[in-house]
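A.B. asks: sequence unknown, structure follows:
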């Protein structure tokens, strides 16, 4: 049997893939060909956020401070766009689409995280 944290991670991954499909259906600048492509894209976006995002935040800290944190939206868009550029079944139609798509995807992510905290409370 899977431990609770592994189960939470799998559920978050599945819900993130569904959120990516929802972004594609809500906004025409983002295209996802299938649920399988959404699963791979959600995995890549998650890995980029875990490994690349902290490095980019540190490297761009002066710009982020000057813009009062607004540059973080640019970092999110770049990572969203980068994930689309390395995958076949996930396309983003330019940087503006990446910015809006990443904002919608992040909003879904907040809802997912909130729901998962209720389903899998810390013990």
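C.D. replies: Done, it's in. Since the structure is predicted, the reported quantities are computational estimates derived from the model, not experimental observations. Numbers count the residues shown, from 1 in each chain.
A.B. asks: Against residue 51, how distant is the spatially most central residue of the chain?
C.D. replies: Geometric centre of the chain, nearest residue: residue 45, 5.0 Å, by Cα atoms, centre = their mean. Plainly put, residue 45 is 11 Å away from residue 51 if you go by Cβ to Cβ, to the nearest Å. Where you see a C-beta, it was placed from the backbone N, CA and C, and this is true even at glycine.
A.B. asks: Neighbours of residue 80, how many?
C.D. replies: Residue 80 has 29 neighbours, counted by other Cβ atoms under 10 Å.
A.B. asks: do you know how far it is from residue 108?
C.D. replies: Residue 80 is 12 Å from residue 108, by Cβ to Cβ.
A.B. asks: next one: residue 93
C.D. replies: The separation that residue 93 has from residue 108, given Cβ to Cβ, amounts to 19 Å.
A.B. asks: Next, work out how far apart the residue nearest to the centre of the chain and residue 68 are.
C.D. replies: From residue 45 to residue 68 the distance is 25 Å (Cβ to Cβ).
A.B. asks: Same check on residue 92?
C.D. replies: Residue 92 sits at a distance of 26 Å from residue 68 (criterion: Cβ to Cβ).
A.B. asks: Sweet, I'm off.
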